[in-house]
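Visitor: Prediction below, plus the sequence it came from.
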Amino acid sequence: MALQLMKLLITASTTTNVVPSPQKFFYVTAAETAAGSTLTVDAASFFQDDGAAATALPALTSSNSYFNVYINGVLQQQGNSTYTPGATTIGSLAFAVPAGGSPILQNTSVVLEVVNYAPASTTTVAT
């Protein structure tokens, strides 16, 4: 019998599920923030979706997360915001009100939305 080349037949398929984990935090301004100033909100000043006081702002997962800031229901440009995760006195949101613009008035709603993704993959190999 002649020699033969023996090959393995292997197939594989991968399924990836990307599951978002959104969290929303709410704040109502206590005073006016003038144009050219920065509104800084400590983690403990926010309240959560269920109305409970927030104790910490979540960490952003590297390359799998983002945050949005809404002021008076309007999505704001990312470059005006600085987000720092963590507990009270560490965690905060700082929003730089553009100079020459309108101030943020007292009793204005501020919504912080933090979305982290938790991708999970499974691979099935058949021989």
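Guide: Received it, and whenever you're ready, just let me know what you need.

Visitor: which regions of this structure sit below the pLDDT cut-off?
Guide: 1 (pLDDT under 70).

Visitor: What separation do you get for the residue sitting nearest the centre point of the chain and Phe46?
Guide: With distances taken as CA atoms, centre = their mean, the chain has Val114 as the residue nearest its mean C-alpha position (2.6 Å). Here the criterion is CB to CB, to the nearest Å. By it, Val114 lies 11 Å from Phe46. Where C-beta positions appear, they are placed from N, C-alpha and C, glycine not excepted.

Visitor: joint contacts of the two?
Guide: Phe25, Leu57 (CB atoms under 8 Å, 6 or more residues apart in numbering).

Visitor: State the helix or strand in which the residue nearest to the centre of the chain lies.
Guide: For Val114, the host element (DSSP states H and E) is strand 109-126.

Visitor: Tell me the helices and strands packed up against that strand.
Guide: In terms of contacts (3 or more CB pairs under 8 Å, 6 or more residues apart in numbering; DSSP states H and E), strand 109-126 is packed against strand 11-28, strand 38-42, strand 65-71, strand 92-96.

Visitor: Would you format the ones you listed as JSON lines with distance to Thr124 and mean neighbour count included?
Guide: Formatted as JSON lines, those follow (distance: least, CB to CB, whole Å; neighbours: other CB atoms under 10 Å):
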{"stretch": "strand 11-28", "distance to Thr124": "5", "mean neighbour count": "12"}
{"stretch": "strand 38-42", "distance to Thr124": "47", "mean neighbour count": "17"}
{"stretch": "strand 65-71", "distance to Thr124": "29", "mean neighbour count": "17"}
{"stretch": "strand 92-96", "distance to Thr124": "43", "mean neighbour count": "18"}
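
Visitor: for those, which one sits closest to Asn80?
Guide: Of all the helices and strands packed on strand 109-126, strand 92-96 sits nearest to Asn80, with 5.0 Å by CB to CB.

Visitor: what's the offset of that closest one from the middle of its chain?
Guide: Mean-position distance between strand 92-96 and its chain equals 14 Å (CA atoms, centre = their mean, to the nearest Å).

Visitor: Kindly report the same for stretch 19-27.
Guide: Taking mean C-alpha positions (CA atoms, centre = their mean), stretch 19-27 and its chain are 7 Å apart.

Visitor: Fine, thanks again, bye for now.
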